[in-house]
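>>> My questions are about this predicted structure, shown below with the sequence.
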Amino acid sequence: MVTPDYYEFGSRAHIIAGHGAIEQIPGLLSSMGAQNPMVITDQGVVRAGLVDILLQALDSRITVKTIQDDVPADSDLKTVHTLAGQYRKYGCNAIIALGGGSVMDTAKGVNILVSASSDNLLAFSGANALTHALNPLVAVPTTAGTGSEVTQVAVISDPDNLRKLLFTSGFLMPDAAVLDPRMTLTLPAPVTASTAMDALSHAVEACLCMGRNPLSTAHAHEAIALISHNLVPVIRQPDHKPGRLALATGAALAGMAFSNSMVGMVHTLGHAVGSVCHAAHGTCMAVLLPYGMAYNLHKTQHLLADLLLPMAGADVYARTHPAERAQKAIDWIHRMNQRLHQATAGAHAVCLRDIKNQDGKGLVPRHLLPRIAHTALGDGSIFYNPEDLDYDDCLMVLEAAFDGALLDLSRVKKG
Amino acid sequence: MTDFMEIPPGRHYMKRWYLSCMLWFFGRAIQAAARVDDGVKSEFAAMPDNFTFCLGAFPSGPYMVVGKDARGRVRYLGSCISDRTIHLHLMFKNPALLFRVFAFQESTSVANARNRLYVHGDVPQACAVVRIMDMIQVFLLPKFLAKRAVKRYPAWPLKRRTLVRAQVYVRAFAGL
């Protein structure tokens, strides 16, 4: 790896990981002088009985003032403003975010408003708009994917303007991330697969994109190894606690990596598919990841070759000719998607055409690909991709990913 | 505390003068290209009227301000940011980092990836402005320098590489 002549890396997240980790939350909150938290979660988490597990873990030192369980699948401005009002109404002084990426990003948005005594979240959008530390926030992820529990980023939808607002600030990093495998044991296999592939896409892009640095790469390589070696076994044996903890740890490591190196075209296109078609983020990442790797192959061949070792292990790496390792890493991701497709009885999508809603209806019609490509050009992650992307490039990649065809590398423009 | 001699911060007058000249010409080139080049025109067409952006360096410039007026005409608005509303700021952390970009030691995308550039404003519009800047650099610079300034040197048609480029140069010098 070539060390850049300048880079920045920061990760002050306090991570409590392991079996029984949530029992540490009362002590954590007490040490922060916050005994009256609000719990932010969603209906799926409530139905899975995870809120009950959390409440049992909280002792007499903590009084949960209110439990707000109406966070939608895509966190939005209205929800954030409503929950901020509830926080003030019940006199809370901390937040426990129990859920996936949407819940944690909503909690970050609420924390901005209540800490700054503001009613206008838009005033804080963009990079480094926050100037003061926020109230205590403890993140308890119930998926192993988003990494939001250790990132300084929040993405919140503005449905009135059909856009996603990005908030980045060091102050958005939760005060503690609690990784307890009990929280992910009940996760359905397709969601386990797509969220873990989301984490894998964070780690892979952290290694390839322009903001990469030795520290983010070290975190990302370990994340790739943990996810690659544990994902399929966990899908086959969902109650495998060590595997669940390994996935949660991998997702947190990937979060730390991409929070510092940022991500590229896989997220550029994935965000656009998500905002235009309302497809699940993790599923989009799983489908688009090998295409993003292939598109950047000519500029990142040596970096991609290095990824084969944590992905496929030492034996495969040693058996593969150095010139073929990069392509083999791409093929390995394609194969991983196929294995997950089989292991989830076809629920895990391997191409954009396969992405369906709960009723089995396709979410990404072909005629929307031009609109998705146009939307992608306005995504900030496009800055960090190693190779340039214009509208035609986006459309070419989307069309290949729609059918699940291999990307025609002769059509990738090289300048 | 004992008395001490105050040491005023040093100023790199030549670098500042160079940056001011480059930003002045770059701003006029944006105005020129917005009149004659379809690529730049289409990027500005997606921006709202009365939209203003600036490129510069903390803490005190130099700056370049470009705006699209109520009639949709793109204009270079000078180097002063204090007397107008600016909707999008692209600001380097200090003039030395801005100099690296305008001395072609580093591309805008590398500067951004190394956290040298702050963007305050709407992200899709910032993406459009960076694409415009890339196109202007390709117009203004010889290929060996432009290849260092942009991620991918574009394969433009002959007319755009010659006739449109000449028009951009002439209009930028003339302020048209």
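Received, thanks.
>>> Find the closest residue to chain B in chain A.
Closest to chain B within chain A is A:G378: 2.8 Å, counting by Cβ to the nearest Cβ. (Glycine included, C-beta is placed from N, CA and C.)
>>> Quick one: residues contacting that residue.
B:123-125, B:127-128 (Cβ atoms under 8 Å, 6 or more residues apart in numbering or on different chains).
>>> Just want the phi and psi numbers for it.
The phi/psi pair for A:G378 (degrees, to the nearest 10) reads phi -100, psi 10.
>>> Where does the residue in chain B positioned nearest to chain A fall, secondary structure wise?
Closest residue of chain B to chain A, Cβ to the nearest Cβ: B:P124 (2.8 Å). Using DSSP states H and E, B:P124 sits within helix B:123-140.
>>> quick one: buried residues of the worst-scoring helix or strand of chain B on mean pLDDT?
Using mean pLDDT, DSSP states H and E, strand B:117-120 stands out as the lowest-scoring helix or strand of chain B, at a mean of 86. Buried positions in strand B:117-120, judged by neighbour count with 16 or more other Cβ atoms under 10 Å in any protein chain shown: B:117, B:119-120.
>>> that older thread, burial of the residue of chain B closest to chain A, as a residue count?
Look at B:P124: counted by other Cβ atoms under 10 Å in any protein chain shown, it has 17 neighbours.
>>> Would you check that it makes contact with A:R163?
Yes: assessed by Cβ atoms under 8 Å, B:P124 is found in contact with A:R163 at 7.4 Å.
>>> follow-up on the earlier one: for the buried residues of strand B:117-120, which one is nearest A:Y6?
Checking those against A:Y6 with Cβ to Cβ, the nearest one is B:L117 at 12.6 Å.
>>> Identify the spatial nearest neighbour of the most centrally placed residue in chain A, chain neighbours not counted.
Closest to where the C-alpha atoms of chain A average out (Cα atoms, centre = their mean) is A:T146, at 2.3 Å. Nearest non-adjacent residue to A:T146, counting by Cβ to Cβ, 6 or more residues apart in numbering or on different chains: A:G101, 3.2 Å away.
>>> isn't that neighbour right up against A:E149?
No: between A:G101 and A:E149 there is no contact under Cβ under 8 Å: 9.3 Å.
>>> Could you check how far the host helix or strand of A:A203 is from the centre of its chain?
Per DSSP H and E, A:A203 falls inside helix A:189-208. Chain-centre distance of helix A:189-208: 7 Å, with Cα atoms, centre = their mean, to the nearest Å.
>>> Tell me which helix or strand comes right after the longest helix along chain B.
Counting residues, the longest helix found in chain B (DSSP state H) is helix B:13-36. Next helix or strand after helix B:13-36 toward the C-terminus (DSSP H and E): helix B:38-45.
>>> Show me the contact partners of that next one.
Contacts of helix B:38-45 (Cβ under 8 Å, 6+ apart): B:30, B:33-35, B:68, B:72, B:74, B:128, B:131-132, B:135-136, B:160.
>>> do stretch A:342-350 as well
Residues contacting stretch A:342-350 (Cβ under 8 Å, 6+ apart): A:189-190, A:193-194, A:232, A:235-236, A:283, A:286-287, A:334, A:337-338, A:340-341, A:355-356, A:404.
>>> Can you give me the neighbour number for A:N120?
11.
>>> before we move on, what about A:D76?
21.
>>> which bits of chain A sit near chain B?
Proximity of chain A to chain B (Cβ under 8 Å from any Cβ of the partner chain) is limited to residues A:4, A:6-8, A:126-129, A:163, A:166, A:209-211, A:262, A:377-380, A:382-384, A:386-388, A:413-415.
>>> List only buried entries from the residues you listed.
For the residues of chain A next to chain B, buried by 16+ other Cβ under 10 Å: A:7, A:126-127, A:129, A:163, A:166, A:209-211, A:262, A:377-380, A:382-384, A:386-388.
>>> Please narrow these to those residing in strands.
A:126-127, A:163, A:166 (DSSP state E).
>>> Identify the residues contacting the residue lying closest to B:Y153 once chain neighbours are set aside.
Sequence neighbours aside, A:G415 is the residue nearest to B:Y153 in space, at 3.8 Å (criterion: Cβ to Cβ, 6+ apart). Residues near A:G415 by Cβ under 8 Å, 6+ apart: A:388, B:147, B:150-155.
>>> Just flag the most distant two among those residues.
B:K151 and B:A155 (13.8 Å).
>>> Tell me where the model's unsure across the stretch 101-250 of chain A.
Applying pLDDT under 70 to the stretch 101-250 of chain A flags residues A:162.
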